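Student: let me see the structure of the following:
(2 chains)
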There are 2 protein chains.
Amino acid sequence: MPQYTPPLRDMQFVLHELLDATGTLKALPKHAEVDADTINAVLEEAGKFAAQVLLPLNQVGDREGCVLDKTTHEVKAPTGFKEAYAQYVEGGWAALSCDPAYGGQGLPVTLNQCLYEMMNSANQAWTMYPGLSHGAYEALHAHGSPELQQRYLPKLTSGEWTGTMCLTEPHCGTDLGLLRSKAEPQADGSYKISGNKIFISAGEHDLAANIVHLVLARLPDAPAGSKGISLFVVPKFIPNDDGSLGERNPIFCTGLEHKMGIHGNATAQITMEGARGWMVGQPHKGLAAMFVMMNAARLGVGNQSLGLTEIAYQNAVAYAKDRLQMRALSGPKAPDQPADPIIVHPDVRKMLLTARAYAEGGRAMSMYTSLQLDVELASEDEAERQAAADEVALLTPIIKAFITDNAWIATSHCMQVYGGHGFIAEWGMEQYVRDSRINMIYEGTNTIQSLDLLGRKVLADGGKKLKAFGKKVAAFVEEEGVNEDMQEFINPLADLGDKVTKLTTEIGMKAMRNPDEVGAAAVDYLRVTGHLVFAYFWARMAKVALEKKDAGDPFYTAKLHTARFYFAKLLPETAGLIRSCRAGLEPLMAMDEALF
Amino acid sequence: MPQYTPPLRDMQFVLHELLDATGTLKALPKHAEVDADTINAVLEEAGKFAAQVLLPLNQVGDREGCVLDKTTHEVKAPTGFKEAYAQYVEGGWAALSCDPAYGGQGLPVTLNQCLYEMMNSANQAWTMYPGLSHGAYEALHAHGSPELQQRYLPKLTSGEWTGTMCLTEPHCGTDLGLLRSKAEPQADGSYKISGNKIFISAGEHDLAANIVHLVLARLPDAPAGSKGISLFVVPKFIPNDDGSLGERNPIFCTGLEHKMGIHGNATAQITMEGARGWMVGQPHKGLAAMFVMMNAARLGVGNQSLGLTEIAYQNAVAYAKDRLQMRALSGPKAPDQPADPIIVHPDVRKMLLTARAYAEGGRAMSMYTSLQLDVELASEDEAERQAAADEVALLTPIIKAFITDNAWIATSHCMQVYGGHGFIAEWGMEQYVRDSRINMIYEGTNTIQSLDLLGRKVLADGGKKLKAFGKKVAAFVEEEGVNEDMQEFINPLADLGDKVTKLTTEIGMKAMRNPDEVGAAAVDYLRVTGHLVFAYFWARMAKVALEKKDAGDPFYTAKLHTARFYFAKLLPETAGLIRSCRAGLEPLMAMDEALF
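Tutor: Predicted coordinates:
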């Protein structure tokens, strides 16, 4: 069975040494009391919960999956999932970063992010149950009427009830403008909702007493397309005024999908037959309200893949140190053994270091973004809030797509380290590959992320958000330009920064002639930009490590070696990506559709 | 359910228009009678068998898997597998390229390769049963005593019996020198064999009356390591002299692995408790004898991934033409529909064209190599045989690793085209991804292939084999250097050829100082070389297409567009790979093992 050691040291490094998180948090009145000791204590307990409670259920969940009783429409989650969820609620984890007005602990989003990284390492499928709930909490918190908030938020905060996002329908996923579910207004101010939803994660289960579905549907007078969609809260059981559960609402699970991975999470087909719902936000503005959830969910998906990359790495390292096979080409390294441990082989190390560099780089980028999100949510300075919001907007699609693509590469490499044993369920490695695959698809496919980045976040504002981030990079390059020891990091970082600037301008020019050029360039562009962000954080981490490495803590030596590996072996990918990107639209569109 | 149209037109293009296969075959007395009509007729029938008999069983096999009865040690293959195998035997397919001396049809290996590509498209797990048998046939045909050949080859040729390769043990896969299974000589010339094998594909099943295991084991006086391994034939039932089945040999399936993919094939744990075996070839020379099978198997694994790439492509195209979602960024393309078919989106086309270019490039490379194998096996000219053997040796690791890595990329892309539906078992796409994953591992991991290429095939002979291939490339570049229309293909081909030459020299120099440099460079090097070979074949295909495109057959237009796509969007990957490769060993080895 896979093992897991919560990466507390690296999280503390990123929070305290790289980002000075408490410094940032102190400036926010809401979080002024959050000190390093509190943070570290929460992380330690979170790590225990993940490793001790969730990890042992990960393979069980994959093997058993969820079971639907077609008569009652009830779903049984895998063995142990319900009990683990009770522990989660009991431990107050659901409330960690929720609003104290509804019983939350009001801690920073950044801490919640760390909790989720570890839970995702231990058990992505299980973690989706509370993860979806938190998304529903956020949408209601941002857009619900005071009455709806009073009715639902305390239960979502405690974790007593869970939530879902009901968007996709059989004929539409990416293109929600096509959706058909209907909402008929009723005399009492509620709505009767009918329609069919698919791919509803955590859509039905036995973990919680009630499930709060957030459902997109159309009012009778709705305009066609995405401007005619409204958002509704549709509970499984309609709550009475005293908070107890009333009648069963006709919103039923009518099927479960058989999937490549995340078997432990119920991916439900949902049928609504005149289910009662209440509107969240304004009529026809449901998509915007849902996007509150969606953006948080996209950061959450990046976090899922970060978790998988970390645990895949840890286990592959353990195997590579243990498994004896062949001799090093340069001669035996363990002459007293029948063969050398496979970690002596350069390509095994390359696979391991790839996963390590992607995990640590992803962690730095994700935690930085979470901290900016805390500033966006809690700063009392309007300009500061806006700057933080811009940066979060820019980095969200990169976190979602770059980290999930990297996890697909990294988990596959880690599995490869095991040879044939990697392909066998028993060792647990192939599950990480399968689970990670969905992260490239849901909450907007990675192609959609790339279009969001290039089209909406970069070109639409004339590169303003990108330039603001570029200024931080340039300032760091400037600052370290005289530091001899930093040249190996600063030079390629500066070079890539220049190339991204040029590439952006070039694509912008082409896009004015033909907007499809954006679609042709976007995926390569996101990956190049992802490397720029990684190079920036790896250079900054290298700087901290260089300053501290002589103090004797081997953590800094390892950080420095990993930084060097990243610049030597992973960053060069950008050379090919830029060429492919610059080749433009023509090679993709020249062939007539009929010839495919 | 996935659909499949056998790619007969493209196979005929490669055989007749690109390679002039009948021209090459005519020069071999053994195959002088094989004309284009015969080839085309066989391909057509093979395609029907694959599409009509094997394809409908692919998802069934994945769902049901194989079932072991632990009492009888018998394994039941999925529903329909046994009946399909009976049709395979009945149709004479097992005998296609086998020696007429044992009942074979004596047709070229190249035809068998085409048969297998189509069977792999339709059902990789099923195809492994006859595939392993053919490997056993080849090892016995090359190294068995006349008596063993007489006893086993007719049954393997007809397909009445199947075969396996029993190499791996729990503690050794790549490093067979460590293996422990023992063979005790008996007075009658046979051996008593004991030990445990794992990962034995097609290791036990109900498709055939008998299973002929080829087993590696050690004689009592065997030297340690890989020079003390002998090869034995160990039948499940010991054949009587009249060919009927005698006593059950104590070689038992004691477990089946639960795997990521190829569920329909029984991956057996095999226990031998004094099973009777007969030596194949010379004492202690078993590994060399087994390598006859292994090299053929490596070509076969590349062929598995070629098959998966093709069928994934076909289905993703059908979905992309059918699924309506969003409008093209440049404006509606199907204004009468609620949305455009997703094939209008440039990145969807990029994913599809990637799969297409990898399928067609892989087919050209594989069929070319098969044809060289036919020359190696059947030419009466010693020099010609040697030249062909060298080329097959050079291309084998590239076919195995490059095509299987490409299939991992391509099947994942094709799944991505389906969005969320790709992750659902029902559509069949995620199975192609899972099935394809093993191809990067078995028959020597892709890292092992890269070491074989760079260490053994390129550096060990001072680049002789590579130079011979390079001469063909150079001759083509020279020949087309004056052809204006070919510049877009010839220039990047020539450029990459130069770069590979330089890179090879550079690695060779470094390796003299430290042999581990080979291990650090090998994987990147193989991928760069793979692109060189692809660029050569894509340029040659473009030439044929350019010459014929005005005749009105849109096949040539499509071929030309795909060639252009390959050069514009896929070949540029080499720029990053070469940089990463040149970064060498240091970034991989600098970090102490303890710090991982």
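
Student: can the helix or strand bottoming out on mean pLDDT in chain A be found next to chain B?
Tutor: One helix or strand of chain A scores below all others by mean pLDDT, DSSP states H and E: helix A:286-322, with a mean of 94. Yes. Judged by CB under 8 Å from any CB of the partner chain, helix A:286-322 comes into contact with chain B at A:317, A:320, A:321. Every C-beta, even on glycine, is put in place using the N, C-alpha and C of the backbone.

Student: what's the burial count for the last one?
Tutor: Burial of residue A:321 is recorded as 15 neighbouring residues (other CB atoms under 10 Å in any protein chain shown).

Student: list the contacts of it.
Tutor: With contacts taken as CB atoms under 8 Å, 6 or more residues apart in numbering or on different chains, residue A:321 has the following neighbours: A:341, A:343, B:593, B:596.

Student: what's the domain layout of chain A?
Tutor: Listed by automatic domain parsing, the domain ranges of chain A are A:8-66+A:75-143, A:162-285, A:462-589.

Student: out of the contacts of residue A:321, which is nearest to residue A:536?
Tutor: Nearest to residue A:536 out of the contacts of residue A:321 is residue B:596 (CB to CB; 24.8 Å).

Student: can you list the residues of the stretch 351-500 of chain A near chain B?
Tutor: A:352-353, A:356, A:408, A:412, A:415-416, A:419-420, A:422-426, A:430, A:433-434, A:437-438, A:440-442, A:445-447, A:450, A:455.

Student: just those: which are in strands?
Tutor: Among those, none falls in strands (DSSP state E).

Student: number of residues surrounding residue A:210?
Tutor: 18.

Student: turn the contacts of residue A:321 into TSV, including neighbour count and pLDDT.
Tutor: Below are the contacts of residue A:321 laid out as TSV (neighbours: other CB atoms under 10 Å in any protein chain shown; pLDDT from 0 to 100):
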residue	neighbour count	pLDDT
A:341	19	98
A:343	20	98
B:593	14	97
B:596	20	98
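
Student: could I get these in TSV, plus columns for distance to residue A:280 and secondary structure?
Tutor: Below are the contacts of residue A:321 laid out as TSV (distance: CB to CB, whole Å; DSSP: H, G, I helix; E, B strand; the rest coil):
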residue	distance to residue A:280	secondary structure
A:341	56	strand
A:343	53	helix
B:593	54	helix
B:596	48	coil
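
Student: nearest to residue B:76 among those residues?
Tutor: residue A:341 (39.5 Å).

Student: with adjacent residues omitted, what lies nearest to that closest one?
Tutor: residue A:321 (5.3 Å; CB to CB, 6 or more residues apart in numbering or on different chains).

Student: how about residue A:376?
Tutor: Residue A:376 sits nearest to residue A:388 (CB to CB, 6+ apart), 4.1 Å away.

Student: pretty sure that neighbour contacts residue A:378?
Tutor: No. Using CB atoms under 8 Å, residue A:388 is not in contact with residue A:378; the gap is 9.6 Å.

Student: more neighbours: which of these two?
Tutor: residue A:388 (22 against 19).

Student: now the helix or strand hosting the more buried one: average pLDDT?
Tutor: Using DSSP states H and E, the element containing residue A:388 is helix A:382-417. Mean pLDDT, helix A:382-417: 98.

Student: ok, stretch A:102-120 next?
Tutor: Per-residue pLDDT values across stretch A:102-120 average out to 98.

Student: quick one: distance of it to the chain centre.
Tutor: Using CA atoms, centre = their mean, to the nearest Å, the distance from the centre of stretch A:102-120 to the centre of the chain it belongs to is 13 Å.

Student: now stretch A:517-526
Tutor: For stretch A:517-526 - counting by CA atoms, centre = their mean - the centre lies 21 Å from the chain centre.

Student: mind checking the end-to-end distance for stretch A:136-150?
Tutor: 14 Å (CA to CA, to the nearest Å).

Student: so which elements touch the helix holding residue A:388?
Tutor: On a contact count with 3 or more CB pairs under 8 Å, 6 or more residues apart in numbering or on different chains; DSSP states H and E, helix A:382-417 meets helix A:286-322, helix A:346-378, helix A:429-439, helix A:446-451, helix A:464-480, helix A:516-548.

Student: what's in contact with the shortest one?
Tutor: Under the contact criterion CB under 8 Å, 6+ apart, helix A:446-451 has outside partners A:174, A:298, A:397-398, A:400-401, A:404-405, A:440, A:518-519, A:522-523, A:525-526, B:345, B:347-348, B:416.

Student: if we go to 6 Å?
Tutor: Outside of helix A:446-451, the residues within contact range by CB atoms under 6 Å, 6 or more residues apart in numbering or on different chains are A:174, A:397, A:400, A:401, A:440, A:522, A:523, A:526, B:347.

Student: buried stuff in the longest strand seen in chain A?
Tutor: Ranked by residue count under DSSP E, the longest strand found in chain A is strand A:267-280. Within strand A:267-280, the residues scored as buried using 16 or more other CB atoms under 10 Å in any protein chain shown are A:267, A:268, A:269, A:270, A:271, A:272, A:275, A:276, A:277, A:278, A:279, A:280.

Student: quick one: the first one and residue A:257 touch, right?
Tutor: Yes. At 4.3 Å, residue A:267 counts as touching residue A:257 under the criterion of CB atoms under 6 Å.

Student: hmm, back to that, for the contacts of helix A:446-451, which one is nearest residue B:286?
Tutor: Nearest member of the contacts of helix A:446-451 to residue B:286, counting by CB to CB, is residue A:440, at 44.3 Å.

Student: confidence score at the residue of the stretch 51-200 of chain A found nearest chain B?
Tutor: Taking CB to the nearest CB, chain B has its nearest neighbour within the stretch 51-200 of chain A at residue A:175, 4.3 Å off. According to the prediction, residue A:175 has pLDDT 94.

Student: how many other residues sit next to it?
Tutor: 19.

Student: please apply the same query to residue A:283.
Tutor: 15.

Student: same check on residue A:241?
Tutor: Neighbours of residue A:241 using other CB under 10 Å come to 7.

Student: about what we covered before: out of the contacts of residue A:321, what pair is the most spread apart?
Tutor: Taking CB to CB, no two of these sit farther apart than A:341 and B:596, at 10.9 Å.

Student: mind checking pLDDT for the residue nearest to residue A:151 when sequence neighbours are not counted?
Tutor: Using CB to CB, 6+ apart and skipping residues adjacent in sequence, the residue nearest residue A:151 is residue A:239, 5.8 Å away. In this model, residue A:239 is scored at 98, pLDDT.

Student: what sits opposite residue A:239 in the beta ladder?
Tutor: Beta bridges link residue A:239 to residue A:245 when assigned by DSSP bridges.
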